[in-house]
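Chemist: model this:
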Amino acid sequence: MATAGGSRSGVSRAAFALVAVVLVGCLGGGVSVAEIRRQKNVQVALRAKWAGTPLLLEASELLSKERRDYFWEFIGHWKELDKGSECLTAKCCAQKIVEDVRSFLSEPLASIFEFSLTLRSASPRLVLYKQLAEESLSSVPVKDDALEQISGSGAVEGTCCWVDTGNTLFFNSDDLHKWLEGSGKGATDSTGQPELFDFDHVYPRSNITAPVAIFYGAVGTKCFKELHVHLAEASKQGKVRYALRPVLPSGCQATSSFCGSIGAADAVTLSGYGVELALKNMEYKAMDDTAIKKGVALEDPKTEDLSQEVRGFIFSKILVRLV
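Modeler: This is a model prediction of the structure:
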């Protein structure tokens, strides 16, 4: 009896252990299936190959398409470093930019502007300005006292703002002021001036016969305001034809205000090109392709088989009798 009781208890323990293992396996399997179901869909975003561009500069470009004067008024609003200093997040900066733009545009146009800013549609134009800026640094000689700033690749290290006059680059307001005084006295050589394009931002009512000065810089940086004020005043006096190409060179985010650098750190996501891959169950039908491999043409899949019985009728036999 003792032996029988011990065997029954051993069987009970084994059965209990088996049930516990089965329950754990089922629960574990349920969790893994749930995780697989949660990860079923895959979202894909297409990012641009070029580096990020500041949202503030994109906003100025979009405004210029509506009216060129709006561009310069917007630049005047944001040239101060403390502009938008109350913002601590990118969302706050974007809202601040849109609020300022609404003072220029009517409600329908303001909504279109906000949509275009969300799409980052002006980013390619800023990439073009950046390419022109790189060509400016590599192709134009600088003053002798700035040679120590030039790296072996020909680019000026740490330079965030400069003025290109075709023959010389100016990186500070003192040298620029001397050149402007000379241009006002007619001592400037008119040959070798930089070329202007239709998309360039030329200061309003500039003297078209005055020497051309192209300013490469980004509103919101420490060096922007001083050079911009000198060029704008000289343009009003007819001394120079001032053109601005908005550029925030690499490594200059630290010299910019917080809102001025938003969007420059990450690559631009191309809106409208997003793709979602939804995995679904697919059913397939087997087909014998041996006849195709042998070069035998199969029947047209659209041709109906009249020899099949349809609700008691075989249409092939009916056609034979009618003929």
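
Chemist: got the phi/psi numbers for the nearest residue to Gln253 once chain neighbours are set aside?
Modeler: In space, and not counting its chain neighbours, Gln253 is closest to Ser261: 4.2 Å by CB to CB, 6 or more residues apart in numbering. Glycine gets a C-beta too; all of them are placed from N, C-alpha and C. Per-residue torsions, Ser261: phi -110, psi 0 (degrees, to the nearest 10).

Chemist: ok, Ser261 - how many residues close by?
Modeler: 23 (other CB atoms under 10 Å).

Chemist: any idea how far Cys160 is from it?
Modeler: 11 Å (CB to CB, to the nearest Å).

Chemist: go on, Asp198?
Modeler: Per CB to CB, Asp198 is found 26 Å from Cys160.

Chemist: next: Asp200.
Modeler: With distances taken as CB to CB, Asp200 is found 20 Å from Cys160.

Chemist: which of those two has more neighbours?
Modeler: Using other CB under 10 Å, the more surrounded residue of Asp200 and Cys160 is Cys160, with 23 against 15.

Chemist: element containing that one?
Modeler: Of the helices and strands defined by DSSP states H and E, none includes Cys160.

Chemist: now do the phi/psi pair for it.
Modeler: Taking degrees, to the nearest 10 as the convention, Cys160 sits at phi -110, psi -20.

Chemist: for the one 10 residues further on, same thing?
Modeler: Phe170 has phi and psi values of phi -120, psi 130 when expressed as degrees, to the nearest 10.

Chemist: give the contact list for it.
Modeler: Applying CB atoms under 8 Å, 6 or more residues apart in numbering, we find Phe170 in contact with 143, 162-163, 176, 179.

Chemist: and it, how far from Leu180?
Modeler: 9 Å.

Chemist: touching, Ser60 and Pro246? I think so.
Modeler: Yes. Here Ser60 reaches Pro246: they are 6.2 Å apart, a contact under CB atoms under 8 Å.

Chemist: what do the two both touch?
Modeler: In contact with both Ser60 and Pro246: Val219, using CB under 8 Å, 6+ apart.
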